[in-house]
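**Student:** Dropping a prediction and its sequence here:
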Amino acid sequence: TGVLVLRDCFNATSLGELLDQIQQRNSTLQQQERTIQQQQDLIAQQQRAIQQQAGTLRTLACAVNLSLPVQSVPTQGATDWTWFSISGHDYLAVANQNNGSNFDVDSVLYRWNGSAFAEFQTIPTHGAWDWEYFSLDGTSY
């Protein structure tokens, strides 16, 4: 019968001994479940830490490749910076919106000279907000 099969699995000599062994195994299984849950929680915590580290690494990679401070560039209420390259020359366009009292301020186009961005051209603007670089039929704008 079912009880005899259970007794054989647990090597119990009496029904009382069988119940004790079942309770011990149940207790052991509950402890193992708690341990597994703790390990799953730890894994989830480690995954979150790895994701944060990955985000930090992406930020550092960007800093190393693109965002290290190279120089200070004077602005007047700058609202946009756009980098682009034409014929192997790197440019930085800065949209200056206002100087605190006037929206008629020049925006500036800088050209990389090998060690810094140097002022290349000023463009009269009124409350400039954005720069976009594009190329059409081989002509850069």
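**Tutor:** Received it, and whenever you're ready, just let me know what you need. Numbers count the residues shown, from 1 in each chain.
**Student:** Could you use CA atoms for every contact and neighbour count after this?
**Tutor:** Fine.
**Student:** looking at this protein, which helix or strand is least sure?
**Tutor:** helix 2-10 (a mean of 51; mean pLDDT, DSSP states H and E).
**Student:** same for the very next helix or strand once past that helix, what does it pack against?
**Tutor:** Going down the chain from helix 2-10, the next helix or strand is helix 15-62, by DSSP states H and E. Applying 3 or more Cα pairs under 8 Å, 6 or more residues apart in numbering; DSSP states H and E, we find helix 15-62 packed against helix 2-10.
**Student:** In the protein, where is pLDDT below threshold?
**Tutor:** 1-13, 51, 53-70 (pLDDT under 70).
**Student:** could you redo the last one with a cut-off of 90?
**Tutor:** 1-26, 28-29, 42-74, 88, 100, 114-117, 131-135, 138-141 (pLDDT under 90).
**Student:** would you put the C-alpha positions of the helix or strand harbouring Asp80 in CSV?
**Tutor:** Using DSSP H and E, Asp80 sits within strand 78-86. The C-alpha coordinates for strand 78-86 follow below in CSV (Å, rounded to 0.1, in the frame of the first residue of the first chain):
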residue,chain,number,x,y,z
ALA,A,78,23.9,77.8,-25.7
THR,A,79,21.0,75.5,-26.5
ASP,A,80,22.6,73.0,-28.9
TRP,A,81,26.0,71.6,-29.9
THR,A,82,26.4,69.7,-33.2
TRP,A,83,29.5,67.9,-34.3
PHE,A,84,30.1,67.0,-37.9
SER,A,85,32.9,66.3,-40.3
ILE,A,86,33.4,67.6,-43.9
